[in-house]
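1. what follows is a protein structure lacking sequence information:
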């Protein structure tokens, strides 16, 4: 019995009454002191029976799953206690493996720590999309079936050809000038511009007037655009009278690359095309709180292994003072009172102003094709990795603004 008492004491992890001889049987003792308590898993003892208690040493105790404490005694050798453990709490296994962070995550966490606190959603988007080393667009092809999304020019060449027809009509309305800057913002793979130039090559006067300017910050995408336009380097051209980094084999038009619109030469009429460019520009987001409007910020999660989290600014930020007030200006108070979230894209506002100034001074026009809505945008930020062509085509109800 000494061995049995030791086993019960270890299994229960608490203080148990000693087994005295005044108990009628071992079963009576277990019924009164053990079976009514929390059940335990199978408990066995390999200890040899005590010579003073050979009868108790041959006892087998079985408990029912209903926990009513029924027990039976038998003369089967050995000590085995079978109990119901269905009511026990089984904590999940703790994961000890360390998640390896991507270079992009490390970079953003370093930025937050360097700033001494959260960063804006706009800063976060800028780092994620266009960081020179870890940016989403900077070092790989993100389009098509092997990428994360697909755009209209990749579906059919008719899209680029129709944009070319629009461009030629605008050129004709401007009086068929001898020199025109054809600018595309965010050309992607260069598919739209390649289809445009291929179709326009049949109209000699129009194609010869074009100087193509691609506004692209990604070195990887610039290479794809160079190949899509079938470009040859400037040194390989006999005619050096037309400026350009390279020349397209489709229309012999000079092609140049720029980091932003400001680098594109001025002084001649300009046709600007932007297809799904504005919707990728960084945005600031604001949320209504009991203390007023607060800006949504990005901070490191409390458990750093979970990445990042949204937090709210405790007081008005520079962005809320500069952009939010202007964005809400002109809207009715009843409309503003119903808003819980507001999104502002200062880059889009500034870019639109620059486009308007350029067209006003040099002549031309702009075709902007993108997602949008009339009114205040609340929250358009989303992540759609590896979207299939079918799913993407269903979302192509884009609004067109000229």
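-> It's in. The shown structure was predicted, so the numbers you read here are calculated from the model rather than taken from an experiment. Numbers count the residues shown, from 1 in each chain.
2. in the longest strand that the chain contains, what's buried?
-> Taking DSSP state E as the criterion, the chain has its longest strand at strand 292-300. Neighbour-count burial for strand 292-300, counted by 16 or more other C-beta atoms under 10 Å, picks out 293, 294, 295, 296, 297, 298, 300. To be clear about C-beta, it is placed using only N, CA and C from the backbone, and glycine gets the same treatment.
3. looking at these, which is nearest residue 195?
-> residue 298 (38.3 Å; C-beta to C-beta).
4. what's stretch 280-294 in contact with?
-> Applying C-beta atoms under 8 Å, 6 or more residues apart in numbering, the contact partners of stretch 280-294 are 120-126, 129, 186, 295-296, 312-314, 316, 319-320, 323-324, 339-348, 351, 379-381.
5. can you get me the start-to-end distance on it?
-> 23 Å (C-alpha to C-alpha, to the nearest Å).
6. residue ranges of the helices in the stretch 251-400 of the chain, please?
-> 318-319, 325-328, 333-337, 346-362, 389-394 (DSSP state H, counting those that start in this stretch).
7. isn't residue 380 up against residue 279?
-> Yes: the criterion here is C-beta atoms under 8 Å, and residue 380 meets it with residue 279 at 7.4 Å.
8. burial check on residue 339, number of neighbours?
-> Counted by other C-beta atoms under 10 Å, the residues lying close to residue 339 total 15.
9. could you check how far residue 108 is from residue 134?
-> Residue 108 sits 9 Å away from residue 134 when distances are taken as C-beta to C-beta, to the nearest Å.
10. the longest strand of the chain: partners in the sheet, and parallel or antiparallel?
-> The strands beside strand 292-300 in its sheet (DSSP bridges) come out as strand 119-120 (antiparallel), strand 284-289 (antiparallel), strand 308-312 (antiparallel).
11. using a markdown table, please lay out these together with mean pLDDT and mean neighbour count.
-> Output for those, formatted as a markdown table (pLDDT from 0 to 100; neighbours: other C-beta atoms under 10 Å):
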| stretch | mean pLDDT | mean neighbour count |
| --- | --- | --- |
| strand 119-120 | 95 | 19 |
| strand 284-289 | 93 | 20 |
| strand 308-312 | 92 | 14 |
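12. ok, which of those comes nearest residue 84?
-> Taking these one by one with C-beta to C-beta, strand 308-312 is closest: 42.5 Å.
13. sorry, back to before: output the strands paired with strand 292-300 as CSV; include the columns distance to residue 87.
-> Below are these laid out as CSV (distance: least, C-beta to C-beta, whole Å):
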stretch, distance to residue 87
strand 119-120, 48
strand 284-289, 44
strand 308-312, 36
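14. can you tell which of those is closest to residue 175?
-> Per C-beta to C-beta, nearest to residue 175 of the strands paired with strand 292-300: strand 284-289, 41.8 Å.
15. run through the residues that contact residue 332.
-> Contacts of residue 332 by C-beta under 8 Å, 6+ apart: none found.
16. and it, how far from residue 208?
-> 52 Å.
17. roughly how far apart are residue 276 and residue 166?
-> 17 Å.
18. isn't residue 258 up against residue 215?
-> Yes: using C-beta under 8 Å, residue 258 is in contact with residue 215, at 5.2 Å.
19. neighbour count: the two, which is higher?
-> Using other C-beta under 10 Å, the more surrounded residue of residue 258 and residue 215 is residue 215, with 22 against 17.
20. what sits closest to residue 230 if chain neighbours are left out?
-> Using C-beta to C-beta, 6 or more residues apart in numbering and skipping the chain neighbours, the partner closest in space to residue 230 is residue 249 (3.9 Å).
21. now residue 137
-> residue 218 (4.6 Å).
22. which residues touch the one you found?
-> Going by C-beta under 8 Å, 6+ apart, the list of residues near residue 218 reads 130, 135, 137, 138, 139.
23. what bits of the stretch 101-250 of the chain have low per-residue confidence?
-> The model of the stretch 101-250 of the chain has pLDDT under 70 over residues 234-243.
24. the stretch 301-402 of the chain too?
-> 304-306, 382-402.
25. hmm, back to that, avg pLDDT for the longest strand of the chain?
-> Regarding strand 292-300, the rounded mean pLDDT is 93.
26. anything in contact with each of residue 108 and residue 134?
-> Common neighbours of residue 108 and residue 134 (C-beta under 8 Å, 6+ apart) are residue 127.
27. ok, the two, which is more surrounded?
-> Using other C-beta under 10 Å, the more surrounded residue of residue 108 and residue 134 is residue 108, with 23 against 17.
28. how much space between that one and residue 294?
-> 21 Å.
29. cool, residue 220 as well?
-> Counting by C-beta to C-beta - residue 220 and residue 294 are separated by 37 Å.
30. likewise residue 252?
-> In terms of C-beta to C-beta, residue 252 sits 55 Å off from residue 294.
31. also residue 107?
-> Counting by C-beta to C-beta, the gap from residue 107 to residue 294 is 26 Å.
32. run a quick neighbour tally on residue 171.
-> 23.
33. if you count neighbours, what's buried in the strand or helix carrying it?
-> Here residue 171, judged by DSSP states H and E, is contained in helix 157-173. Within helix 157-173, the residues scored as buried using 16+ other C-beta under 10 Å are 157, 159, 160, 161, 163, 164, 167, 168, 170, 171.
34. same thing with stretch 101-111?
-> Buried-residue list, stretch 101-111, by 16+ other C-beta under 10 Å: 105, 107, 108, 109.
35. nearest to residue 228 among the residues you listed?
-> Nearest to residue 228 out of the buried residues of stretch 101-111 is residue 107 (C-beta to C-beta; 30.0 Å).
36. tell me the contacts of the residue nearest to the closest one when sequence neighbours are not counted?
-> Of all residues not flanking residue 107 in the chain, residue 134 sits nearest, at 5.3 Å (C-beta to C-beta, 6+ apart). Counting by C-beta under 8 Å, 6+ apart, residue 134 touches 102, 103, 104, 107, 127.
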